[in-house]
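Q: coordinates only, sequence not included:
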Ligand SMILES: [Ca+2]
Ligand SMILES: [Ca+2]
């Protein structure tokens with residue numbers, strides 16, 4: 001299902017189906033893929049019918065808003081966030097006083113399977129931080145350099161220290177929940193998991209916080225209303241070669 005290049009026409013159909021006005025999702029000069037600029041601001045980098053949120057941070061300014069390029073259009077409100085490069089792409093840079101917030105909306109309530117993934121470049125790993133957190137419903141964060149995923153108040157077990165994030169370069173992190181197992185990924189490899197069969201909470205109202213306590217770069221944050229397979233996450237992370245052995249979960 002995952003395709004690295006979005007076909008503009010598909011997005012247009014999705015937008016129309018969700019009642020988008022042309023002004024919100026304007027693509028008057030739809031071009032063939034080979035003519036597109038390296039930093040498109042109108043199409044999400046992934047195309048997936050289960051996409052619920054897409055923050056690619058390609059906006060010319062991130063001073064007040066980061067556009068959600070999913071069909072749901074739940075733009076994030078930003079504070080002290082600036083553009084920063086990630087290869088040929090643009091990412092968001094956060095400092096000590098930065099914040100990114102999305103209001104509590106039904107599109108982000110995920111009572112069944114879900115997954116999310118993003119690139120992070122931590123400037124500092126000495127303090128704990130939240131990367132993405134839908135109130136007390138689900139999220140991903142860092143304890144030092146260790147990545148955890150959570151569902152309600154339940155957290156994946158801490159991964160091996162050799163899988164910790166390092167400061168100063170972009171790395172891919174992800175969580176996937178299939179209804180029975182919550183899995184954590186770093187650089188496309190599964191590094192932690194936990195058996196969790198309790199229903200996801202959806203009844204909190206604080207909305208989504210992104211990057212609380214985090215300093216550094218964030219990019220290409222995608223949320224899906226389905227689990228992603230190990231292979232899909234490896235592909236999204238740009239990982240090649242054989243996948244590591246699956247982990248025994250507690
Ligand atoms: Ca980007
Ligand atoms: Ca909610």
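A: That came in fine, so what should we check first? From a predicted model like this one, the values you see are computed outputs, not experimental measurements. Ligands and ions are numbered 1, 2, ... in the order given.
Q: Give me the pLDDT for the residue nearest the centre of the chain.
A: Centroid-nearest residue in the chain: residue 221, 2.6 Å away (criterion: Cα atoms, centre = their mean). On the pLDDT scale, residue 221 is placed at 98.
Q: From residue 55, how far off is it?
A: Distance, residue 221 to residue 55, by Cβ to Cβ, to the nearest Å: 4 Å. Where you see a C-beta, it was placed from the backbone N, CA and C, and this is true even at glycine.
Q: Equivalent analysis for residue 128, please.
A: Remark: distance between residue 128 and residue 55 (Cβ to Cβ) = 22 Å.
Q: Which pLDDT value goes with residue 145?
A: Value for residue 145, per-residue pLDDT: 92.
Q: ditto for residue 26
A: We have a pLDDT of 40 for residue 26.
Q: so the residue nearest to the centre of the chain makes contact with residue 140?
A: No. Applying Cβ atoms under 8 Å as the test, residue 221 and residue 140 come out as separate, 9.9 Å apart.
Q: okay, and the common contacts of those two?
A: Counting by Cβ atoms under 8 Å, 6 or more residues apart in numbering, the shared contacts of residue 221 and residue 140 are 116, 118, 132.
Q: what about the last one, neighbour count?
A: Put plainly, it is residue 132. 28 (other Cβ atoms under 10 Å).
Q: State the mean pLDDT of the helix or strand it falls within.
A: Using DSSP states H and E, residue 132 sits in strand 129-134. Mean pLDDT, strand 129-134: 96.
Q: bridging residues for the closest residue to residue 174 other than its chain neighbours?
A: Leaving aside its sequence neighbours, residue 174 sits nearest to residue 117 (Cβ to Cβ, 6 or more residues apart in numbering; 3.7 Å). Counting by DSSP bridges, residue 117 is bridged to residue 174, residue 222.
Q: Now do the contacts for residue 117.
A: So residue 117 contacts 172-175, 185, 220-222, 228, 233, 236-237 (Cβ under 8 Å, 6+ apart).
Q: now, which of those sits nearest residue 146?
A: Using Cβ to Cβ, residue 173 comes nearest to residue 146 of these, at 10.9 Å.
Q: residues contacting the residue nearest to that closest one when sequence neighbours are not counted?
A: Computed as Cβ to Cβ, 6+ apart, the closest residue to residue 173 that is not its neighbour in sequence is residue 147, at 5.3 Å. Shown in contact with residue 147 (Cβ under 8 Å, 6+ apart): 140-141, 159, 163-165, 173, 184, 186, 191-192.
Q: Mind doing that once more with 6 Å?
A: 173, 184, 186 (Cβ atoms under 6 Å, 6 or more residues apart in numbering).
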